[in-house]
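Engineer: Fold the following.
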Amino acid sequence: MMRFALSVLLAASGATAAPLVEQGHYDNRDQAAKSPRDGDSAIPQVTVTIEPAPQKDFALWHIHLQTDAESTYEQTWAMQSRTEHDGSTSLIPYFQFKQTTTPSAANFDAQGWLSLEACALRGEFGKMRIHAMSEGEPCVAAIMNVGARRALLPVGIERNGARLQLDFNLRGKRTRIDLHRSE
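Structural biologist: Numbering: from 1, shown residues only. Now for the predicted structure:
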């Protein structure tokens with residue numbers, strides 16, 4: 001089976017780096033099952049599905065969060081990998097205003113999405129390890145118009161080998177979600 005991956009642009013020449021995050025389905029069912037069920041400290045069930053978009057250096061990240069049997073929230077972000085002027089790498093989230101249906105990668109067009117440049121994930125992007133986060137205050141100001149679903153925007157990412165962790169601002173505090181890729 002051919003595996004596609006979100007790739008990082010290395011240079012203007014068009015060379016690409018090792019995959020940042022492979023396409024696929026990730027979930028934190030183990031972490032959620034072990035979490036205490038009391039309100040403020042409960043870790044919700046989170047699934048993330050990453051699919052490459054036909055537009056260069058973009059992938060769609062479909063985030064699904066379930067706090068209890070009756071409460072689920074969904075948001076899709078377009079994530080663009082980009083090499084910055086200083087040679088570093090960043091992952092830029094894009095928001096589709098008034099997202100009423102789940103966007104399809106096959107129909108993706110970046111022109112219909114708003115860049116959340118202030119929420120770019122910046123840091124170390126290596127072959128086997130990623131450790132990056134967005135800057136707090138600029139990102140908070142940029143996402144005020146996104147509404148309640150801004151809690152589903154990854155504000156930190158760490159990948160070490162096959163392990164993927166995403167940070168979200170849930171219930172007003174940074175919460176680390178430990179995700180594992182399912183086949």
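Engineer: Only C-alpha atoms from now on, for both contacts and neighbour counts.
Structural biologist: Will do.
Engineer: Can you point out the buried residues in the helix or strand of the chain at the bottom of the mean pLDDT ranking?
Structural biologist: When the helices and strands of the chain are scored by mean pLDDT, DSSP states H and E, helix 136-142 comes last with a mean of 78. Buried residues in helix 136-142, counted by 16 or more other C-alpha atoms under 10 Å: C139.
Engineer: same check, this time on stretch 42-58
Structural biologist: 43-53, 57-58.
Engineer: Columns secondary structure and distance to G172 on top of the residues you listed, output as JSON lines?
Structural biologist: Shown next, in JSON lines, are these (DSSP: H, G, I helix; E, B strand; the rest coil; distance: C-alpha to C-alpha, whole Å):
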{"residue": "I43", "secondary structure": "coil", "distance to G172": "13"}
{"residue": "P44", "secondary structure": "coil", "distance to G172": "14"}
{"residue": "Q45", "secondary structure": "strand", "distance to G172": "17"}
{"residue": "V46", "secondary structure": "strand", "distance to G172": "17"}
{"residue": "T47", "secondary structure": "strand", "distance to G172": "20"}
{"residue": "V48", "secondary structure": "strand", "distance to G172": "21"}
{"residue": "T49", "secondary structure": "strand", "distance to G172": "24"}
{"residue": "I50", "secondary structure": "strand", "distance to G172": "25"}
{"residue": "E51", "secondary structure": "strand", "distance to G172": "29"}
{"residue": "P52", "secondary structure": "strand", "distance to G172": "31"}
{"residue": "A53", "secondary structure": "coil", "distance to G172": "31"}
{"residue": "D57", "secondary structure": "coil", "distance to G172": "31"}
{"residue": "F58", "secondary structure": "strand", "distance to G172": "29"}
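Engineer: Specify which member of these is nearest to E84.
Structural biologist: The closest of the buried residues of stretch 42-58 to E84 turns out to be D57 (C-alpha to C-alpha; 13.2 Å).
Engineer: give the contact list for the closest residue to S41 other than its chain neighbours.
Structural biologist: Leaving aside its chain neighbours, S41 sits nearest to S35 (7.9 Å; criterion: C-alpha to C-alpha, 6 or more residues apart in numbering). Neighbour list for S35: S41, A42, I43 [criterion: C-alpha atoms under 8 Å, 6 or more residues apart in numbering].
Engineer: Pull the number of nearby residues for R37.
Structural biologist: R37 has 14 neighbouring residues, counting by other C-alpha atoms under 10 Å.
Engineer: The closest residue to it other than its chain neighbours and H85: what is the separation?
Structural biologist: Excluding the flanking residues, the one nearest R37 by C-alpha to C-alpha, 6+ apart is I43, at 7.9 Å. Using C-alpha to C-alpha, to the nearest Å, I43 is found at 38 Å from H85.
Engineer: picking up where we left off before, which residues does the least confident helix or strand of the chain contact?
Structural biologist: L116, A118, C119.
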